[in-house]
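> make a model of this:
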Amino acid sequence: MAETILHISLVISMMGILVATIRLFKGPNPCDRAVALDTMTLISISTIVILALFAGRVIYLDAAMVYAILSFLGIVALARHIEGGL
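Numbering: from 1, shown residues only. As a prediction, this is how the structure comes out:
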């Protein structure tokens with residue numbers, strides 16, 4: 001039962017990545033593209049956490065945390081660049 005729920009959540013995550021990718025390429029302005037990129041990173045972080053639960057490996061949670069910190073710093077830098085502050 002739990003394995004089926006994990007599989008369904010992975011499928012839903014992949015559909016979310018697909019929708020965010022479409023928004024990334026069709027975004028009318030850079031702000032929409034930045035939000036789509038941030039959405040993609042958040043969904044991929046949650047996918048890594050789901051895979052950590054599925055595989056039973058704690059090290060994947062550490063990798064997800066590092067990826068989340070780097071994603072946050074990257075989005076902040078991108079927002080500053082779009083705003084013209086860099």
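> what segments of this protein are helices?
Under the criterion DSSP state H, the chain carries helices at the ranges 2-26, 30-55, 59-83.
> tell me which of those sits most buried.
Counting by mean count of other CB atoms under 10 Å, helix 30-55 has the highest mean neighbour count of the helices of the chain, with a mean of 16. The way it works is simple: take the backbone N, C-alpha and C, and place the C-beta from them, glycine included.
> can you give me the angle that one makes with helix 2-26?
Relative orientation of helix 30-55 and helix 2-26, computed by axes from the mean of the first three to the mean of the last three CA atoms, to 10 degrees: 160 degrees.
> ok and helix 30-55 relative to helix 59-83, angle-wise?
Interaxial angle, helix 30-55 versus helix 59-83 (the same axes, to 10 degrees): 180 degrees.
> coming back round to it: just send the helices of the chain back as CSV, with mean pLDDT too.
Output for the helices of the chain, formatted as CSV (pLDDT from 0 to 100):
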stretch, mean pLDDT
helix 2-26, 91
helix 30-55, 92
helix 59-83, 94
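> so how far is residue 41 from the nearest residue to residue 42 once chain neighbours are set aside?
Nearest residue to residue 42, sequence neighbours excluded (CB to CB, 6 or more residues apart in numbering): residue 71, at 7.5 Å. Residue 71 sits 4 Å away from residue 41 when distances are taken as CB to CB, to the nearest Å.
> what residue lies at the spatial centre of this structure?
residue 41 (2.0 Å; CA atoms, centre = their mean).
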